[in-house]
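Student: Structure of the sequence below:
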Amino acid sequence: MLSAQVKSSQPSHVQRKLKESCYQGSIVARSAYLFLLKMLNPSLSEYDDEVQRVVKLIVEDVSKVSVHSQICVICTWPFSVFGAAVVDPEQREFLIWRIEEFSRVWPMHCFETVANFLKDIWGTQECPGVGWNALLDRQCLKHLFV
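Tutor: Sure thing, here's the model as predicted:
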């Protein structure tokens with residue numbers, strides 16, 4: 001991810017921040033990709049193999065970003081987008097936990113808003129939500145501050 005020149009010339013704390021910026025860039029790019037997939041193919045299911053492949057990659061990147069990283073304050077939009085496509089219960093639990101951790105370190109209301117948005121669109125096992133179809137629904141999105 002980082003060039004050999006950066007690794008040999010920069011202190012470890014600078015390298016860590018650069019890596020986290022790279023992870024965040026990947027999270028944003030992949031979330032934009034998912035958003036475009038849904039916009040271009042509204043009937044595409046969140047259970048689609050390609051969608052879930054990208055979600056898995058994003059979750060891996062999210063796990064590599066420290067909750068103390070300042071870069072997390074710009075992650076609410078990608079969390080809303082890719083989070084809408086998360087179908088695995090463990091990934092959902094992890095994402096909500098990460099959002100809550102970011103919120104504890106960086107007390108901003110937008111993290112709570114995103115967590116509530118995701119819980120609403122996921123629904124429950126007894127009463128499933130709209131899932132990532134929420135990305136096409138103005139009513140769902142109008143209260144979402146990202």
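Student: For this protein, just list every one of the strands.
Tutor: Along the chain, no segments are classed as strands by DSSP state E.
Student: thinking Val67 is in contact with Val105, fair?
Tutor: Yes: here Val67 reaches Val105: they are 4.9 Å apart, a contact under Cβ atoms under 8 Å. For glycine as for every other residue, the C-beta is placed from the backbone atoms N, C-alpha and C.
Student: Tell me which other helices or strands the biggest helix by length in the chain touches.
Tutor: The longest helix of the chain (DSSP state H) is helix 12-40. For helix 12-40, the packing partners by 3 or more Cβ pairs under 8 Å, 6 or more residues apart in numbering; DSSP states H and E come out as helix 4-9, helix 49-63, helix 76-84.
Student: looking at those helices, which is buried most?
Tutor: Mean neighbour count (mean count of other Cβ atoms under 10 Å) peaks for helix 76-84 among these, with a mean of 24.
Student: Take that one, keep the C-alpha atoms, and write them as PDB.
Tutor: Output of helix 76-84 as PDB, limited to C-alpha atoms (Å, rounded to 0.1, in the frame of the first residue of the first chain):
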ATOM      1  CA  THR A  76     -20.600   8.600   7.500                       C
ATOM      2  CA  TRP A  77     -21.600   8.600   3.800                       C
ATOM      3  CA  PRO A  78     -19.800   5.400   2.900                       C
ATOM      4  CA  PHE A  79     -21.000   3.700   6.000                       C
ATOM      5  CA  SER A  80     -24.600   4.600   5.000                       C
ATOM      6  CA  VAL A  81     -24.100   3.400   1.500                       C
ATOM      7  CA  PHE A  82     -22.200   0.100   2.000                       C
ATOM      8  CA  GLY A  83     -24.000  -0.500   5.300                       C
ATOM      9  CA  ALA A  84     -27.300  -0.600   3.400                       C
END
